[in-house]
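Trainee: Just the structure for this:
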Amino acid sequence: MSELKEPETKEALPSRWLLLRDVVAFQFKLAIDGLRDIILSPISITAALIGVLTSKSNPGKYFYRLLELGHDSDRWINLFNTYNDENENRVSADQIFKHAESAVVSEYEKGGVLTTVKNKTDQVIDEIQDRTTYPKS
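Mentor: I've put the predicted structure just below:
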């Protein structure tokens, strides 16, 4: 995704397709984050119970290990672009999305259906904008 906040100058404003890409990337990461939360909820309760039932000296050992894994998964998902790991050799949600994006761009550059869909979509959006934009007085 490109930036965390909307650019302030008109020259820095993202195109509609850059915005769409960023929204799709964010939704992809939200889905992964939500799935992780659904999975971690019962596991965290189980880890706490097992720790309490099996260890008098360190009942939180499994739960706190799980929290460390959760922290690592935050970095992997990078929902709000907090981390810049482009120079690291590790798989992340950003890298998976970039790979998918490059496949879509490659198909678009070949022409065909994706090019037609994009051009028609641009035409429709431009027409809608033209109809809803009123002259400034």
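
Trainee: Can you name the next helix or strand after the helix or strand residue 26 falls within?
Mentor: According to DSSP states H and E, residue 26 maps onto helix 16-54. Next in sequence after helix 16-54, counting helices and strands by DSSP H and E, comes helix 61-77.

Trainee: Give the buried residues for that following helix.
Mentor: Neighbour-count burial for helix 61-77, counted by 16 or more other C-beta atoms under 10 Å, picks out 62-63, 66, 73, 76-77. Bear in mind the C-beta positions are built from the backbone N, C-alpha and C, glycine included.

Trainee: again, but for stretch 78-86
Mentor: Those would be residue 78, for stretch 78-86 by 16+ other C-beta under 10 Å.

Trainee: and what of stretch 95-111?
Mentor: Buried residues in stretch 95-111 (16+ other C-beta under 10 Å): residue 97.

Trainee: could you give the mean pLDDT of the helix or strand harbouring residue 128?
Mentor: If you go by DSSP H and E, residue 128 is part of helix 113-132. When pLDDT is averaged along helix 113-132, the result is 91.

Trainee: what angle do the helix holding residue 26 and helix 113-132 make?
Mentor: 110 degrees (axes from the mean of the first three to the mean of the last three C-alpha atoms, to 10 degrees).

Trainee: just the angle between helix 16-54 and helix 61-77, please?
Mentor: Using the same axes, to 10 degrees: helix 16-54 against helix 61-77 is 170 degrees.

Trainee: So which bits of helix 16-54 are buried?
Mentor: Result for helix 16-54 [16+ other C-beta under 10 Å]: buried residues 21, 25, 28-29, 32-33, 36, 40, 47-48, 51.

Trainee: tell me which of those residues is nearest to residue 100?
Mentor: Residue 100 lies nearest to residue 28 out of the buried residues of helix 16-54, by C-beta to C-beta, at 8.4 Å.

Trainee: Am I right that the closest one is in contact with residue 97?
Mentor: Yes - counting by C-beta atoms under 8 Å, residue 28 does reach residue 97; the two are 5.6 Å apart.

Trainee: got the contact list for stretch 98-111?
Mentor: With contacts defined as C-beta atoms under 8 Å, 6 or more residues apart in numbering, stretch 98-111 is touched by 21, 25, 114-115, 118.
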